[in-house]
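K.L.:
My questions concern the predicted model and sequence given below.
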Amino acid sequence: MSWPSVRGQIEAHWKKTYPAEKIQKIEPKGKLEYYATERRTEVDFSWGWVWDSRVIERNGAFARQVALVTVERANKTQTRFEVAALFERMGNAWQSKGVAVRASQDLSAAKAGDLPGNAQAAALFTAAWKKMRPDFDVHSVEVLKSEPKQHQDRRWITYKLAITATGTDKGSRSMYQKKYRCTPEDYSSVLKLEGGNWVPDANMIRDVNEARDCALAK
C-alpha cells in the first residue's frame, strides 16, 4: 500500500464522518504496519451487566497506519487528531476497516493572542499569590511546565509551578517564619484569557492546600 492511497482512505472517511470539519493536513506517523493475525474482544452485555467476554483471533492480511489529521472546525478552531487507519486484504485489494481516533491536541490557543513567556507568567502568578495568599511572603515563582488549552471560545493555560515562600503571621503558626517550596497541581495554577489579557485564576490560588502542596525548602 502506498501512502497516497492510505491518505485518500483517511480523507474519504473524515469527509463522510465529520462533514463540518475542513481538513488542513494529513501526515503519516511512523511506518505502515502489516500483520497476519487480528485479535478482538467480544462482550455479551445486557441489562447493565457484562455476562461474558471472549477474545476472537482471526488470520488474514491486515495493515495499520498511524497518522496525524489536522482539521479546522466550524467555529474556526484547529485540532490535530492522532488516528489509526485500519485495512484488510480482500482478494486482490486492500479495503478500509475504518479510522480509530486515538488522541487529540488543540492548536487554537495561540491564535487568541501571543502566549505569555515563562517570565511573564511567573510575574503574573507572583502578583496573584501576594494578593490572594497573605499567609505567605513570596520570594520567587518558577514555571516548570505549561499547557495551553481551549474549549469552544474559552482559552486557558495550566501551569506546574514551584513557589518559594516564607510563612507569615497571617497563616498557620507551625509554618510561621519557615521557608517552603510549594508545587501545586497544575489545575491550581491557571491563566485565563479575558478581554485579550492573560489573568490568573485567583480562586484556584486561594484554594491551594499548603499542607499538601508545600514542603520545607532545603
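P.N.:
Yep, that arrived.
K.L.:
What separation is there between residue 3 and residue 69?
P.N.:
Residue 3 is 14 Å from residue 69, where distance means CB to CB, to the nearest Å. Every residue, glycine included, has its C-beta placed from N, CA and C.
K.L.:
So what's the residue count around residue 181?
P.N.:
Neighbour count of residue 181, defined by other CB atoms under 10 Å: 17.
K.L.:
So which of residue 3 and residue 69 has more stuff around it?
P.N.:
Ranked by neighbour count (other CB under 10 Å), residue 3 and residue 69 place residue 69 first, with 25 against 14.
K.L.:
Identify the residues contacting that one.
P.N.:
10, 14, 23, 25, 26, 80, 81, 83 (CB atoms under 8 Å, 6 or more residues apart in numbering).
K.L.:
Would you check how far apart it and residue 8 are?
P.N.:
13 Å.
K.L.:
With residue 184 instead?
P.N.:
48 Å.
K.L.:
if you count what's nearby, which of those two comes out ahead?
P.N.:
residue 184 (21 against 13).
K.L.:
right, and the helix or strand after the longest strand seen in the chain?
P.N.:
Criterion DSSP state E: the longest strand present in the chain is strand 49-72. Per DSSP states H and E, the first helix or strand lying C-terminal to strand 49-72 is strand 78-90.
K.L.:
Adjacent strands (with direction) for that following strand?
P.N.:
Using DSSP bridges, strand 78-90 pairs in its sheet with strand 49-72 (antiparallel), strand 93-106 (antiparallel).
K.L.:
Alpha carbons of the first one, in PDB - could you do that?
P.N.:
It refers to strand 49-72. The C-alpha trace of strand 49-72 is given here as PDB (Å, rounded to 0.1, in the frame of the first residue of the first chain):
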ATOM      1  CA  TRP A  49     -24.400  -6.400  33.100                       C
ATOM      2  CA  VAL A  50     -21.400  -7.900  31.300                       C
ATOM      3  CA  TRP A  51     -22.200 -11.600  31.100                       C
ATOM      4  CA  ASP A  52     -19.300 -12.900  29.200                       C
ATOM      5  CA  SER A  53     -16.200 -11.800  27.200                       C
ATOM      6  CA  ARG A  54     -14.000 -13.700  24.800                       C
ATOM      7  CA  VAL A  55     -11.000 -13.000  22.600                       C
ATOM      8  CA  ILE A  56     -11.500 -13.900  18.900                       C
ATOM      9  CA  GLU A  57      -8.400 -14.500  16.800                       C
ATOM     10  CA  ARG A  58      -8.600 -14.300  13.100                       C
ATOM     11  CA  ASN A  59      -5.900 -15.000  10.500                       C
ATOM     12  CA  GLY A  60      -5.600 -13.000   7.300                       C
ATOM     13  CA  ALA A  61      -3.700  -9.900   5.900                       C
ATOM     14  CA  PHE A  62      -4.100  -6.700   7.900                       C
ATOM     15  CA  ALA A  63      -2.400  -3.300   7.900                       C
ATOM     16  CA  ARG A  64      -2.400  -0.300  10.200                       C
ATOM     17  CA  GLN A  65      -1.200   3.200   9.600                       C
ATOM     18  CA  VAL A  66      -1.000   5.800  12.400                       C
ATOM     19  CA  ALA A  67      -1.500   9.400  11.000                       C
ATOM     20  CA  LEU A  68      -2.000  13.000  12.200                       C
ATOM     21  CA  VAL A  69      -5.100  14.700  10.900                       C
ATOM     22  CA  THR A  70      -5.200  18.500  11.300                       C
ATOM     23  CA  VAL A  71      -8.700  20.000  10.800                       C
ATOM     24  CA  GLU A  72     -10.500  23.300  11.100                       C
END
